[in-house]
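*Asks:* Just the structure for this:
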Amino acid sequence: MAVDIEFNKNEDQNKQLIYDLKVRHAKVSLGGGEKAAAKQKEKGKMLARERIEYLRDKDSVFTEVAAFAGDGMYVEYGGCPGAGVVCGIGYVSGRQCMIVANDATVKAGAWFPISGKKNLRAQEIAMENRLPIIYLVDSAGVFLPLQDEIFPDKEHFGRIFRNNAVMSSMGITQIAAVMGSCVAGGAYLPIMSDEALIVDKTGSIFLAGSYLVKAAIGEEIDNETLGGSISQSEISGIIDDRFPDDKSCLDRIRYIVDKIGHFEEAGFDRTTPAEPTKDQKEIYGILPGERAKPYKSLEIIERLVDKSEFEEYKEGYGKTIICGYARIDGWAVGIVANNRATTKSQKGEVQFGGVIYNDSADKAAPFIMNCNQKKIPLVFLQDVSGFMVGSRSEHAGIIKDGAKMVNAMSNSTVPKFTIILGNSYGAGNYAMCGKAFDPRLIYAWPSARIAVMGGEQAAKVLLQIEKASLESKGEKITPEAEKALFDKIVSRYETQLSPYYAASRIWVDGVIDPLQTRSVISEGIKMANNAPVKPFNVGVLQV
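*Replies:* Numbers count the residues shown, from 1 in each chain. Down below sits the predicted model:
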């Protein structure tokens, strides 16, 4: 494609975002830092990421999940990088597995509220896609200062053990290796797994440590005698086998995974993978650095799909949403993408890019149903400002048309995958399969923005509320004070729009380089192929 000044400007801005992504990821990958890592090494232990690297197949794909969880949170407690856990979908003995490793460099692997959410997300992915799950346990248990935010509720710590039991009933293999501390309620996780292993000297498992035992019943005993590898493998028998070091324990896990049988596959269609004929790196120049600027979304799609071939559905109708069939890494997919180019409707009316109009929603709903009928996985590419407002849209039934799209998307039984390219605002986030609608995986590009509405629009609304509140108290606000207040609101709101803000709270599974998109979708469909598709039924549609 022709290269111009605008292209170069976009490319520079997007490459800077990619550089920032790499710097941020390198930082969270350090966990609790070099000093904390050195202490783990002194004990003869491998670090969490080293354990995963050793366990998984050499040169295989690893799709990390929630790498930025906890980023910027709990600063009053010294932070919780990565939520104190490293997890992702990787290959062990040629088999896709969910791997979850506690990071003992972060508060001794203690569980913060976000740690619980990250572990539950890992289990959710394993259950939905029937993946074997491997727990590399090294945790001091619940972070007590925040126990009320992680202990008692439905989506808190206890849910993990409930999921252990449910996965067991589903026939999903769970393997746990106690490679450090495993205390209190956390002790149930390895024992509710199918296989429980332990590393000698460094691994220990008990409901209550020696100090608590002394306080509770007056018994004096050291932790090794109480719940060390020999005690729990040869006396209590709760551990299946013990190993002299981390590597030998991880070797046994590879041996176990090598013997696991396979489930019936869903049968999603795949042919020989092919790269896009159009240069994927041109995405950096196509995607505007300024989020309000229009662009041709089809040009992005052509750089994500095999051979750059895309069979569009109802091309001349509902132009602010692009629907069509393609292949990604050989897998057949149905793509639903927001078109960011400004177009004209069939009636000659100007339609703004990134906005969902009546006809766009009306087109997307049957396309989604068709993909379910044909057993084709769905890929949603979000860059959406929301649904069109105003009397024309309301009188034409925009709520009804939007509801049809949301209904079809919500009830889809084929796996859904969501990539947030740019804006993800308001009900548009919902209609385009946001986190609340159970995408198997949802990732954002560094250019993403996620909120109820854009920063400047939100700031204007919030400013009016602030002004009204002050005026009701008899206070007057000067133009200078109003501008200062506006700038403050914009700054605060812009922080919350960041994809890293969303990733830290696991509203998305991560932030990725656009060039990783094909791999994420392909690996996602491959894992989803382990779980047969249920019958599709949309219920009641207001036609």
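
*Asks:* any idea how far the closest residue to residue 45 other than its chain neighbours lies from residue 43?
*Replies:* What sits nearest to residue 45 in space, not counting adjacent residues and going by CB to CB, 6 or more residues apart in numbering, is residue 202, at 5.5 Å. In this view, the C-beta of every residue, glycine as well, is placed from N, C-alpha and C. Distance from residue 202 to residue 43, counting by CB to CB, to the nearest Å: 6 Å.

*Asks:* Which one of those two is surrounded by more residues?
*Replies:* Applying other CB atoms under 10 Å to residue 202 and residue 43 shows that residue 202 carries more neighbours, namely 22 against 10.

*Asks:* dump the residue contacts of the more buried one.
*Replies:* 43-45, 179-180, 246 (CB atoms under 8 Å, 6 or more residues apart in numbering).

*Asks:* neighbour-wise, which of those leads?
*Replies:* Of the contacts of residue 202, with other CB under 10 Å as the count, residue 179 tops at 28 neighbours.

*Asks:* which SS class is it?
*Replies:* For residue 179, the secondary-structure state derived from DSSP: H, G, I helix; E, B strand; the rest coil is strand.

*Asks:* shouldn't it be in contact with residue 204?
*Replies:* No: here residue 179 lies out of contact with residue 204, judged by CB atoms under 8 Å, at a distance of 10.2 Å.

*Asks:* Run through who's touching stretch 341-350.
*Replies:* 294-297, 316-317, 319-320, 351-353, 357, 359.

*Asks:* shaky segments in this structure?
*Replies:* Applying pLDDT under 70 to the chain flags the ranges 1-3, 185, 455, 540-543.

*Asks:* looking at it, which residue lies furthest from center?
*Replies:* residue 474 (47.3 Å; CA atoms, centre = their mean).

*Asks:* ok, now which ones touch that residue?
*Replies:* Counting by CB under 8 Å, 6+ apart, residue 474 has no contacts.

*Asks:* Okay, it and residue 480: tell me how far apart.
*Replies:* Counting by CB to CB, the gap from residue 474 to residue 480 is 19 Å.

*Asks:* and if you look at residue 68?
*Replies:* Counting by CB to CB, the gap from residue 68 to residue 480 is 38 Å.

*Asks:* Just the buried positions in the helix or strand where residue 251 lies, please.
*Replies:* For residue 251, the element it lies in under DSSP states H and E is helix 246-257. Residues of helix 246-257 classed as buried: 246, 249-250, 252-254, 256-257 (neighbour count, 16 or more other CB atoms under 10 Å).

*Asks:* Kindly report the same for stretch 467-481.
*Replies:* Those buried within stretch 467-481 under the rule 16+ other CB under 10 Å are residue 467.

*Asks:* ditto for stretch 28-40
*Replies:* Here stretch 28-40 shows 28-32, 36-37, 40 as buried, counting by 16+ other CB under 10 Å.

*Asks:* can you map out the helices along the stretch 101-250 of the chain?
*Replies:* 113-129, 158-169, 188-191, 210-217, 223-227, 229-230, 246-257 (DSSP state H, counting those that start in this stretch).

*Asks:* Could you export these as JSON lines, including distance to residue 454?
*Replies:* Below are the helices of the stretch 101-250 of the chain laid out as JSON lines (distance: least, CB to CB, whole Å):
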{"stretch": "helix 113-129", "distance to residue 454": "27"}
{"stretch": "helix 158-169", "distance to residue 454": "35"}
{"stretch": "helix 188-191", "distance to residue 454": "42"}
{"stretch": "helix 210-217", "distance to residue 454": "52"}
{"stretch": "helix 223-227", "distance to residue 454": "54"}
{"stretch": "helix 229-230", "distance to residue 454": "56"}
{"stretch": "helix 246-257", "distance to residue 454": "47"}
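
*Asks:* Which one, of the ones you listed, ends up nearest to residue 501?
*Replies:* For residue 501, the closest of the helices of the stretch 101-250 of the chain is helix 113-129, at 12.8 Å, according to CB to CB.

*Asks:* for that closest one, packing partners?
*Replies:* Helix 113-129 is packed against strand 85-92, strand 95-102, strand 133-139, helix 158-169, helix 517-528, with contacts defined by 3 or more CB pairs under 8 Å, 6 or more residues apart in numbering; DSSP states H and E.

*Asks:* Repeat the analysis, applying 10 Å as the threshold.
*Replies:* strand 85-92, strand 95-102, strand 133-139, helix 158-169, strand 441-444, helix 517-528 (3 or more CB pairs under 10 Å, 6 or more residues apart in numbering; DSSP states H and E).

*Asks:* Now find how far off-centre that helix is within its chain.
*Replies:* 10 Å (CA atoms, centre = their mean, to the nearest Å).

*Asks:* Ok, stretch 157-167 next?
*Replies:* Worked out by CA atoms, centre = their mean, stretch 157-167 lies 20 Å from the chain centre.

*Asks:* which residues touch that stretch?
*Replies:* Identification of contacts with stretch 157-167 by CB atoms under 10 Å, 6 or more residues apart in numbering yields 100, 111, 113, 115-117, 119-120, 122-124, 126-127, 130-133, 135, 141-142, 147, 150-154, 172-174, 176, 184-186, 188-194.

*Asks:* Mind doing that once more with 6 Å?
*Replies:* By CB atoms under 6 Å, 6 or more residues apart in numbering, the residues outside stretch 157-167 that reach it are 116, 119-120, 123, 127, 150-151, 174, 188, 192.

*Asks:* How about stretch 168-187?
*Replies:* By CB under 6 Å, 6+ apart, stretch 168-187 touches 104, 130, 132-141, 167, 190, 193-199, 202-203, 205, 207, 209, 246, 249, 253, 256, 260.

*Asks:* Ramachandran angles for residue 422?
*Replies:* phi -140, psi -120 (degrees, to the nearest 10).

*Asks:* which residues touch it?
*Replies:* 291, 383, 447.

*Asks:* Run a quick check on residue 60 versus residue 91, I expect a contact.
*Replies:* Yes: using CB atoms under 6 Å, residue 60 makes contact with residue 91 at a distance of 4.0 Å.

*Asks:* quick one: which of those two has more around it?
*Replies:* Of the pair residue 60 and residue 91, residue 91 is the one with more neighbours under other CB under 10 Å, namely 19 against 11.

*Asks:* I'd assumed residue 59 was in contact with that one.
*Replies:* No: assessed by CB under 6 Å, residue 91 is found out of contact with residue 59, at 9.7 Å.

*Asks:* about what we covered before: would you list the buried residues of stretch 28-40 in CSV and tack on secondary structure?
*Replies:* Output for the buried residues of stretch 28-40, formatted as CSV (three-state DSSP):
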residue, secondary structure
28, helix
29, helix
30, coil
31, coil
32, coil
36, helix
37, helix
40, helix
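
*Asks:* ok, residue 318 touching residue 363?
*Replies:* Yes: at 3.4 Å, residue 318 and residue 363 qualify as touching, with contact defined as CB under 6 Å.

*Asks:* three-state assignment of residue 273?
*Replies:* Residue 273 - assigned by three-state DSSP - is coil.

*Asks:* Who are the contact partners of it?
*Replies:* Contacts of residue 273 by CB under 6 Å, 6+ apart are 329-330.

*Asks:* Make 20 the first number, not 1, from now on.
*Replies:* Noted, 20 is the first residue going forward, which turns the last one into residue 292.

*Asks:* dump the residue contacts of residue 432.
*Replies:* With CB under 6 Å, 6+ apart, residue 432 has these contacts: 552-553, 555.

*Asks:* oh, I was asking about residue 306
*Replies:* 33, 466.

*Asks:* make it 10 Å
*Replies:* By CB under 10 Å, 6+ apart, the residues touching residue 306 are 29-30, 32-33, 36, 312, 314, 316, 318-319, 359, 402, 440-441, 464, 466, 533.

*Asks:* Would you format the contacts of residue 221 as JSON lines with distance to residue 481 included?
*Replies:* Formatted as JSON lines, the contacts of residue 221 follow (distance: CB to CB, whole Å):
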{"residue": "62", "distance to residue 481": "51"}
{"residue": "63", "distance to residue 481": "54"}
{"residue": "64", "distance to residue 481": "49"}
{"residue": "198", "distance to residue 481": "48"}
{"residue": "199", "distance to residue 481": "46"}
{"residue": "265", "distance to residue 481": "51"}
